[in-house]
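K.L.:
Based on what follows, work out the 3D shape:
(2 chains)
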Number of protein chains: 2
Amino acid sequence: MDRLSHHDVMIVLLSLGVLLLVARTAGELARRLNQPAVLGEILAGIALGATGFGRLFPNAHAALFPSSGPPTLVLHGIGTVGVVLFLLVAGMEVDLSTIWRQGRTAATVSLMGIVIPFGIGWGAAQVMPELLGLEPGADRWVFSLFLGTALAISALPVIARTLMDLDLYRTDFGMLVIAAAIVDDLVGWMIFALLLAMIGAPGHGMSVGWTVLMTLGLAAFVLTIGRWGVNRTLPWLQAHTSWPGGVLGFALSLALFFAALTEWIGIHAVFGAFLVGVALGDSVHLREQTRATIERFVASFFAPLFFATIGLRIDFIRNFEVFLSLLVVLIACAGKVLGCALGARITGTPAREAWAIGFGLNARGAMEIILGLLALQAGLIGERLFVSLVFMALITSVICGPAVQKILGRRRVRRFVDYLVPKAFVPRLVSTDRREVISELCRAIAPAAGRDTALVEDAVWNREQTMSTGLEQGLAIPHARIPGLAAPLVGLGLSFGGVDFDAYDGEPARIIVLILTPEDDRGVQVNLLADIARTLKDPELRTKVLHVTNATELLALIRTEAPPPA
Amino acid sequence: MDRLSHHDVMIVLLSLGVLLLVARTAGELARRLNQPAVLGEILAGIALGATGFGRLFPNAHAALFPSSGPPTLVLHGIGTVGVVLFLLVAGMEVDLSTIWRQGRTAATVSLMGIVIPFGIGWGAAQVMPELLGLEPGADRWVFSLFLGTALAISALPVIARTLMDLDLYRTDFGMLVIAAAIVDDLVGWMIFALLLAMIGAPGHGMSVGWTVLMTLGLAAFVLTIGRWGVNRTLPWLQAHTSWPGGVLGFALSLALFFAALTEWIGIHAVFGAFLVGVALGDSVHLREQTRATIERFVASFFAPLFFATIGLRIDFIRNFEVFLSLLVVLIACAGKVLGCALGARITGTPAREAWAIGFGLNARGAMEIILGLLALQAGLIGERLFVSLVFMALITSVICGPAVQKILGRRRVRRFVDYLVPKAFVPRLVSTDRREVISELCRAIAPAAGRDTALVEDAVWNREQTMSTGLEQGLAIPHARIPGLAAPLVGLGLSFGGVDFDAYDGEPARIIVLILTPEDDRGVQVNLLADIARTLKDPELRTKVLHVTNATELLALIRTEAPPPA
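P.N.:
Model prediction:
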């Protein structure tokens, strides 16, 4: 049997390692700037590609990312499995019941959010095909249909993440936006699948009519009988096979089968996986653990590899055209923002909220990039338009969060550890009485506050004297408002012996959290107090906090083991 | 760039889907028979290979699993990544601190468990090299060293799983066996790495001396400075990168890097991944969730694919030799069982327990198979001996559980749902008083008991009258011993309205579990009562139980969401 040589194996592992590390790091940096990880992952691929790393170190680049040979094929194979599993996860996030619950408003918003961008895209492609990058010899009608579709889809993951960041996910507004995005995605992908079917896949000798029919038939089958079957199978697997391996194996092999099937039909493998994802995600019997295991592994292994490979394969610098890219961004935003906002206004949504809905649904993210890549591979579009679509996908995702935040005046959810001053974490308090402990913590935090220690101490002690801040079960939260402070500051001290903070239950305080907020803190202090009490409610977690030795470990503990923010 | 054709993509996805589904299914069947999953996975590969599926449907087989071309390379590439990640997980299971805690006994057992099988293997290879499958022209010394090493290693995962099944994992006995297995694995793999280094990897122009030196140096580096660095890095990643994606990406790319490095040194990629796994698993900061996510995905995706590919690639039927296989099994068991038992006896372990230790550590499982495969690829051994080693690995794993169970007289841990009679699950009890409810459940369970309903009902009601079986919070557990019953039987009824079972807290019973046990039940009844009370302690889970509509869903719920057995 054909197999990889010793050298091939080394190159495959090394290139995967480099791609994964650089893509994950760039993805983290993007997340730090409140941007979707896919932005960083694609940029990582570009940096590692011909125009970045390849220009600086051509020999090393050619050795690590050869343009032909077995390692290249393996990388492409793993990328393909990656995008198939990515769409499985995307499908699992589609919750069909959300759509019904949101009813008429969601239907109107999503309908307008498809029809108007589609119309604008289609019209623009008809009026100025060359300006929009129609390749010579390509069919103008098919091109117009594609552009319309490409502008009509949304990026559910980016939108969901933005809503969560702004604590809007579980609100009516959030559910409306999610429902509309789901419909847009489902309809958009179905149209695109039909489009791929229409241009016909070479080599299987099927007529266009058959391909279209089979595409529709498969979708109808999976979303009805398939869904029912999955819902019946999951409890059986959970009851009678090893947990969680049985369900995981079933879900993954089902995705691979349907991916192969749709590839055979002549549309792309991702559709089959997406449909399987929808059927799985819709089942009430799918456990959160199964979803999370697949989602986490795909998001931290397959997806970064896949998106970095895109950046690696395509020369984004050479194919980047400023005018084309800006034009695509303009048309995309105009269609989607106006369409959705209009849809929301029609159903009586207030203007401000309607605009927020428009900008929320405007994010295109990873979905647009995958759709563009498939179109590129099918010969529907050229590399120039592909690069512009990627640019548009990233820009619309980048604007999404800040725009919604600005329009609705929401602030991002923050937790008390976000304001922790590392130097004000005191793992072993030396003081043993309330006044001294407060003084000790104030001395630690004063430099970061840019205030005199005595001033801070007085404020906190005065507040403490009006009413003790000792809560139950060994937790105390002394706090004060400090005039002129720029942002909230948090300090934390641990005392094994315990300090009497005059708590109701008589327990001495072992975890003492100091909060300083600006004078006009717009509710931040109250929120922080609530967050601390809620975060440290679990006795097991409090015990772990007591054994922490530095600020990083504390942050790590809270972020990985405390309940998520309310 | 080279890329897969439309047809290649379809073949890759389809062959992966088929391999995964068949391997997982066979793995599940093996688990059903209390055997390691790897047994089923390899058999699945054999069934799908040239001698099974290929003989029946040669054309379909050639299309799905071609022996050359891009899909074959991709399958090999994914299998390689799979085995690298499998060894990462194996390394993460190695807990160095367990060794120190077990001290002298563990050291003696593991030392004797290496020296004696190594000596027997080495001696046998010296005395009868041809009988043991020495290939013509191969070096007899290297061959002897290999055989000694191959017989000295253990299979930590199989051993750990067996101990858990028998509820021995957290006992002194269990920890001793685990510690000895860890040492055997570490030492065995290091010797094997040195052996690979000594026979020299072609193409990198490094001398044998250098390769050996670098192997030792790398191991020393990773297990000291590397371990320290990982332990420092993990909290930082948890505190400052997205959770859990940051840590996952770091762990996976680290494994890939070190795999590439060891491949470059001239030993195999799996060593680097294994070392990284040990360093990661040893950190107190590695969260259970990170470990579980990697472990679950690897066990249900990469590992089945990898092991099935082995069965697919190698013609097990043609290369199977009865005499050679039995000889290898005999030598392997003699060395390991005697060596470990002797080691245990020397440190004063009672004879019965010493034998149990010997048979426990005798399991070779997946580790032996991987080691054999590497030796085969390096040209150290031929296919005949490889097949015999696989046979030996499977046989020793298959004996392990039953042997330990028999010697120690332990029974497998069973939960109350294991005895649930599906027909005796009554989702809506019609009765509303205690006597009637008992009668209703007895009518449902009597056919399975093969007893007259009146007899069963009388026994349960008599017991109920001596003292009410209503526990707190809406749970009641009526029960009785029934003469002549072959095995325990459990029925379960739900009552939304609640039934007065005269509980201390006055709450009416909503979940009523009926237990019938044989007259001489050797403590089963008490264990079942305790298991039910413990399993259904969580109020959230009790609410979910109330909404279950059939026995399969109940079983699924308990297996996926209840706390693991005590």
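K.L.:
Report the buried residues of the longest helix seen in chain A.
P.N.:
For chain A, the helix reaching the highest residue count under DSSP state H is reported as helix A:96-127. Residues of helix A:96-127 classed as buried: A:96, A:98-99, A:102, A:105-118, A:120-122, A:124-125 (neighbour count, 16 or more other C-beta atoms under 10 Å in any protein chain shown). The C-beta positions use only the backbone N, C-alpha and C, and glycine is treated the same way.
K.L.:
can you check stretch A:330-347 too?
P.N.:
So stretch A:330-347, judged by 16+ other C-beta under 10 Å, has buried residues A:331-345, A:347.
K.L.:
nearest to B:E383, of the residues you listed?
P.N.:
B:E383 has its nearest neighbour among the buried residues of stretch A:330-347 in A:A332, at 58.6 Å by C-beta to C-beta.
K.L.:
Would you agree the closest one is in contact with A:P117?
P.N.:
Yes: taking contacts as C-beta atoms under 8 Å, A:A332 lies within contact range of A:P117: 7.1 Å.
K.L.:
list the residues that contact both of the two?
P.N.:
Shared contacts of A:A332 and A:P117 (C-beta atoms under 8 Å, 6 or more residues apart in numbering or on different chains): A:L151.
K.L.:
residues contacting the residue lying closest to A:S242 once chain neighbours are set aside?
P.N.:
Leaving aside its chain neighbours, A:S242 sits nearest to B:R31 (5.4 Å; criterion: C-beta to C-beta, 6 or more residues apart in numbering or on different chains). By C-beta under 8 Å, 6+ apart, the contact set of B:R31 is A:241-242, B:37, B:40.
K.L.:
Out of those, flag the one nearest to B:V177.
P.N.:
Closest to B:V177, out of all of these and judged by C-beta to C-beta, is B:A37, at 20.3 Å.
K.L.:
since we're on the residue lying closest to that closest one once chain neighbours are set aside, how many residues are nearby?
P.N.:
Computed as C-beta to C-beta, 6+ apart, the closest residue to B:A37 that is not its neighbour in sequence is B:G27, at 3.6 Å. B:G27 has 31 neighbouring residues, counting by other C-beta atoms under 10 Å in any protein chain shown.
K.L.:
Can you tell me how far B:G27 is from A:T293?
P.N.:
B:G27 sits 17 Å away from A:T293, going by C-beta to C-beta, to the nearest Å.
K.L.:
Equivalent analysis for A:T211, please.
P.N.:
35 Å.
K.L.:
got it, and A:G79?
P.N.:
From A:G79 to A:T293 the distance is 21 Å (C-beta to C-beta).
K.L.:
residue contacts, the residue sitting furthest away from the middle of chain A?
P.N.:
Centroid-distance maximum for chain A: A:D433 at 46.4 Å, with C-alpha atoms, centre = their mean. Counting by C-beta under 8 Å, 6+ apart, A:D433 makes contact with A:499-500.
K.L.:
Do me a favour and get the backbone dihedrals for A:R510.
P.N.:
For A:R510, the backbone dihedrals (degrees, to the nearest 10) come out as phi -110, psi -30.
K.L.:
re the thing from before, does the residue nearest to A:S242 belong to a helix or a strand, and which?
P.N.:
Taking DSSP states H and E as the definition, one finds B:R31 inside helix B:6-32.
K.L.:
Now look at stretch A:488-498 and say if it contacts chain B.
P.N.:
No: applying C-beta under 8 Å from any C-beta of the partner chain, one finds stretch A:488-498 separated from chain B by no less than 13.7 Å.
K.L.:
from memory A:I114 sits against A:V187, does it?
P.N.:
Yes: taking contacts as C-beta under 8 Å, A:I114 lies within contact range of A:V187: 5.6 Å.
K.L.:
Find residues that contact each of these two.
P.N.:
Contact criterion C-beta under 8 Å, 6+ apart; residues shared by A:I114 and A:V187: A:A152.
K.L.:
ok, now which ones touch the closest residue to chain B within the stretch 401-550 of chain A?
P.N.:
Residue of the stretch 401-550 of chain A nearest chain B, by C-beta to the nearest C-beta: A:N550 (8.0 Å). Applying C-beta under 8 Å, 6+ apart to A:N550 gives the contacts A:422, A:425, A:427, B:235.
K.L.:
For PyMOL, what selects the buried ones among these?
P.N.:
If you want just the buried ones from the contacts of A:N550 in PyMOL, going by 16+ other C-beta under 10 Å, the selection is:
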select buried, (chain A and resi 425+427) or (chain B and resi 235)
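K.L.:
Dump the contacts of A:N550 into CSV; add secondary structure, pLDDT and distance to B:V322 as well.
P.N.:
Output for the contacts of A:N550, formatted as CSV (DSSP: H, G, I helix; E, B strand; the rest coil; pLDDT from 0 to 100; distance: C-beta to C-beta, whole Å):
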residue, secondary structure, pLDDT, distance to B:V322
A:P422, strand, 91, 68
A:F425, strand, 93, 67
A:P427, coil, 91, 65
B:P235, helix, 92, 55
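K.L.:
show me where the stretch 401-550 of chain A has strands.
P.N.:
A:420-426, A:475-476, A:479-482, A:489-499, A:509-518 (DSSP state E, counting those that start in this stretch).
K.L.:
List of residues touching the third one?
P.N.:
Among residues not part of strand A:479-482, those counted as contacts by C-beta under 8 Å, 6+ apart are A:449, A:451, A:455-456, A:459-460, A:462-463, A:469, A:514-519, A:521, A:525, A:528-529.
K.L.:
Which ChimeraX command selects the buried ones in the residues you listed?
P.N.:
ChimeraX command restricting the contacts of strand A:479-482 to the buried ones, with burial defined by 16+ other C-beta under 10 Å:
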select /A:449,451,456,459,460,469,514,515,516,517,518,521,525,528,529
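K.L.:
from the contacts of strand A:479-482, which ones fall inside helices?
P.N.:
A:449, A:455-456, A:459-460, A:462-463, A:525, A:528-529.
K.L.:
Just flag the most distant two among those.
P.N.:
Top of the distance list for the ones in helices among the contacts of strand A:479-482 (C-beta to C-beta): A:L455 and A:L529, 21.7 Å.
K.L.:
May I have the helix or strand A:A255 falls within as CSV, with CA atoms only?
P.N.:
In this structure, A:A255 sits in helix A:245-265 according to DSSP H and E. What follows is helix A:245-265, C-alpha atoms only, in CSV (Å, rounded to 0.1, in the frame of the first residue of the first chain):
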residue,chain,number,x,y,z
GLY,A,245,-18.0,7.3,23.0
GLY,A,246,-21.1,5.6,21.5
VAL,A,247,-22.9,8.8,20.7
LEU,A,248,-19.8,10.6,19.5
GLY,A,249,-18.8,7.8,17.1
PHE,A,250,-22.4,7.8,15.8
ALA,A,251,-22.5,11.5,15.2
LEU,A,252,-19.1,11.7,13.6
SER,A,253,-19.6,8.8,11.3
LEU,A,254,-23.1,10.0,10.3
ALA,A,255,-21.6,13.4,9.4
LEU,A,256,-18.9,11.7,7.3
PHE,A,257,-21.4,9.5,5.5
PHE,A,258,-23.7,12.3,4.5
ALA,A,259,-20.7,14.4,3.6
ALA,A,260,-19.6,11.7,1.2
LEU,A,261,-23.2,11.4,-0.1
THR,A,262,-23.6,15.1,-0.9
GLU,A,263,-20.1,15.1,-2.5
TRP,A,264,-21.3,12.2,-4.7
ILE,A,265,-24.6,14.0,-5.5
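K.L.:
now that helix: how far from the chain's centre is it?
P.N.:
Relative to the centre of its chain, helix A:245-265 is centred 24 Å away, using C-alpha atoms, centre = their mean, to the nearest Å.
K.L.:
Just to check, A:V212 is in contact with A:M198?
P.N.:
Yes: at 6.5 Å, A:V212 counts as touching A:M198 under the criterion of C-beta under 8 Å.
K.L.:
Check what contacts the helix or strand of chain A with the lowest mean pLDDT and list those residues.
P.N.:
Ranked by mean pLDDT, DSSP states H and E, the helix or strand of chain A with the weakest confidence is helix A:156-165, at a mean of 80. By C-beta under 8 Å, 6+ apart, the residues outside helix A:156-165 that reach it are A:34, A:36, A:90, A:93-94, A:169, A:174, A:177-178, A:181-182, A:185, A:360-361, A:363-367, A:397, A:400-401, A:404, A:412-413.
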